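*Asks:* just to be clear, the model below is a prediction. Sequence and coordinates:
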Amino acid sequence: MKLQIQKRNRQITNADVFIASCFEDEIFSHETTYLNEMTGGLLAKLVKKENFTGKADQTVSLFFQKSLKQHVRILLVGLGKQEEVQEESVRQVAATAVQMVRSWQGKHVVSDFFGMRSKKFTLDACAKAMAEGLWLGTYDFAKYKSSLKEKKFFPETWTFMTEHKTDIKLASKGLSLGEMYADATIFARNLVNEPAQHMRPADLVAVTKAIVAASSKTISMRVFNRAQLEKKGAGGILGVARGSDHEPFLVHLVYKPLHAKKRMVLVGKAVTFDSGGISLKPSDAMTTMKIDMAGAAAVLGVFSVLPDLELNVEIHGIFAACENMPSGKAIVPGDIVRIMNGKTVEVLNTDAEGRVTLADALTYALQQKPDVMIDLATLTGACVVALGEEVAGMMSNDRTLCDELKKAADRAGERVWELPLEPGYKKLLHSEVADLKNIAGRYGGAVTAGLFLQEFVEEVPWAHLDIAGPAFAEKPLNSYTKYGASGFGTRTILEYIRSM
Ligand code: BES
Ligand code: ZN
Ligand code: ZN
């Protein structure tokens, strides 16, 4: 599907689908009137008959014989009230539209930039949102399906019409940015959807190597294996990895532009499968635990497009890849591990493994002397209890960072909400025998996990995103996030980085 832009007046003779967007109760604009005329007034009749009012995600379509040889489809899509339209509405309606086009096997689509008349966003932001909606809305993870032929159909071209020739440059900038964001999100989705049997720690290392190889030398990496981690004293990751037959790795990516103004570190949780370890999860809680590396997947998604973004920020990506399994060699409740910064942790529940591996990853991250640090982790079920499956928990020691990250998430169409790093709860992590324990009682589990991580970030401005809920959609989240991995965090981080 090639996305392209063209000034209005030129006819597209081979188009077989024409799409126009409209606001609620403002159906007939320039655009839609043109389509109505093309159908000799049929469209207006259908709009009336089907009670189409232009509500968000409402559609009306008609099949129509344009000439003896040519059939076309006309599609009207509603965006909701003009004053309420956002980039996110555009994303969602674009996904709905492309799904309809695919079901008709439409080959050449002509459409407007949805909602552009509203003047609520700039043309490049609109084009970006459309490209994201179109690509994410056609995503599926079908590599293990033996037959899914009809689903593979894609339109050949999608041509956007603009009013002025001068708009084309801005719009194509938006489109290619949106395609990059979608690529990065899909990259993350694919890693998370891959079954744990094919996504071991070593596989994450291989994926990282592929990103570096494709980066024309703009990204470099270091990998630390078990022996090197022992030398570093990374007892957290080594402790968690002890029960697994698969070797753990600490991975460090660096993107270094020539004139970087700032240095940021992204840290991702990378537990390739979380069985709970000796504190074994019940079967039902384990079925989706291949997603426990979704934090690292988002970081890798971001890195997969960094070379194309032309940024002036130095970005480090760090993750401690391991698998959490029970076995005769596994870490057991009561064991004490020593983190790379010397702190000791009493592991009372081997299922609270993420924070133990992140303690080492964050310590290593601090050694890079970052100006800002963000971690993404499928860290706690408690966060899902608090905020549900669609909203990530955000905790931070820095007001500005927290506010900017929230704004970035809003622009990206990802939901995050702040939880407090309540100082009074620190006492819940007190251990009788070590510096800290890794669990803190029944209540406020997302917050106490955040407080645990805070013990390893010192004074660096840092934000923690607990993505346990939205990383994976067990039922469709919206028109462009169907069942499976969402790639959550990828676009928020890209938005944040671009605003730095
Ligand atoms: N990976 C899980 C958290 C999780 C739960 C992610 C649901 C995605 C969906 C994490 O390692 C975990 O098991 N946390 C425990 C912590 C508890 C033992 C303190 C939890 O949330 O139950
Ligand atoms: Zn766990
Ligand atoms: Zn986990």
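*Replies:* Right, received. Where do you want to start? Ligands and ions are numbered 1, 2, ... in the order given.
*Asks:* contacts and neighbour counts: CA atoms only from here.
*Replies:* Fine.
*Asks:* walk me through the domains of the protein.
*Replies:* Domain assignment for the chain by automatic domain parsing gives 2-167, 183-499.
*Asks:* for the shortest one, give the mean pLDDT please.
*Replies:* Taken as a whole, domain 2-167 has an average pLDDT of 90.
*Asks:* what's the helix ranked longest in the chain packed up against?
*Replies:* Counting residues, the longest helix found in the chain (DSSP state H) is helix 167-193. Helix 167-193 is packed against strand 2-7, helix 123-136, helix 294-305, strand 484-485, helix 490-499, with contacts defined by 3 or more C-alpha pairs under 8 Å, 6 or more residues apart in numbering; DSSP states H and E.
*Asks:* before we move on, the earlier item: in CSV: the domains of the chain, plus distance to ligand 1 and mean neighbour count.
*Replies:* Shown next, in CSV, are the domains of the chain (distance: least, C-alpha to the nearest ligand atom, whole Å; neighbours: other C-alpha atoms under 10 Å):
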stretch, distance to ligand 1, mean neighbour count
domain 2-167, 20, 18
domain 183-499, 3, 21
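*Asks:* with distance to G174 added, can I get those domains in TSV?
*Replies:* Output for these, formatted as TSV (distance: least, C-alpha to C-alpha, whole Å):
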stretch	distance to G174
domain 2-167	4
domain 183-499	12
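*Asks:* quick one: which of those is nearest ligand 2?
*Replies:* Smallest distance to ligand 2 across the domains of the chain (C-alpha to the ion): 3.4 Å, for domain 183-499.
*Asks:* how about the residues of the stretch 251-400 of the chain that lie near ligand 2?
*Replies:* G276, D351, A352 (C-alpha under 5 Å from the ion).
*Asks:* following the longest helix of the chain, which helix or strand comes up?
*Replies:* For helix 167-193, the succeeding helix or strand toward the C-terminus, using DSSP states H and E, is helix 201-213.
*Asks:* hmm, back to that, out of the helices and strands packed on helix 167-193, which gets nearest to D466?
*Replies:* Among the helices and strands packed on helix 167-193, the nearest to D466 by C-alpha to C-alpha is helix 294-305 (8.8 Å).
*Asks:* include distance to N190 when you put the helices and strands packed on helix 167-193 into JSON lines, please.
*Replies:* Shown next, in JSON lines, are these (distance: least, C-alpha to C-alpha, whole Å):
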{"stretch": "strand 2-7", "distance to N190": "22"}
{"stretch": "helix 123-136", "distance to N190": "12"}
{"stretch": "helix 294-305", "distance to N190": "9"}
{"stretch": "strand 484-485", "distance to N190": "8"}
{"stretch": "helix 490-499", "distance to N190": "13"}
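*Asks:* tell me where the stretch 351-500 of the chain has helices.
*Replies:* Ranges of helices within the stretch 351-500 of the chain are 354-366, 381-387, 399-412, 445-454, 490-499, based on DSSP state H, counting those that start in this stretch.
*Asks:* right, I mislabeled it, should have said the stretch 201-350 of the chain
*Replies:* Using DSSP H, counting those that start in this stretch, helices in the stretch 201-350 of the chain cover 201-213, 226-232, 235-241, 283-286, 294-305.
*Asks:* from the contact counts, what lies against the longest one?
*Replies:* With contacts defined as 3+ C-alpha pairs under 8 Å, 6+ apart, helix 201-213 has these neighbours: strand 219-224, strand 249-255, strand 262-274, helix 294-305, strand 313-324.
*Asks:* closest to L136 out of the ones you listed?
*Replies:* Of all the helices and strands packed on helix 201-213, helix 294-305 comes closest under C-alpha to C-alpha, at 13.8 Å.
*Asks:* could you tell me the angle between that closest one and helix 490-499?
*Replies:* Helix 294-305 runs at 50 degrees relative to helix 490-499, counting by axes from the mean of the first three to the mean of the last three C-alpha atoms, to 10 degrees.
*Asks:* could you pull up the mean pLDDT of helix 294-305?
*Replies:* For helix 294-305, mean pLDDT rounds to 98.
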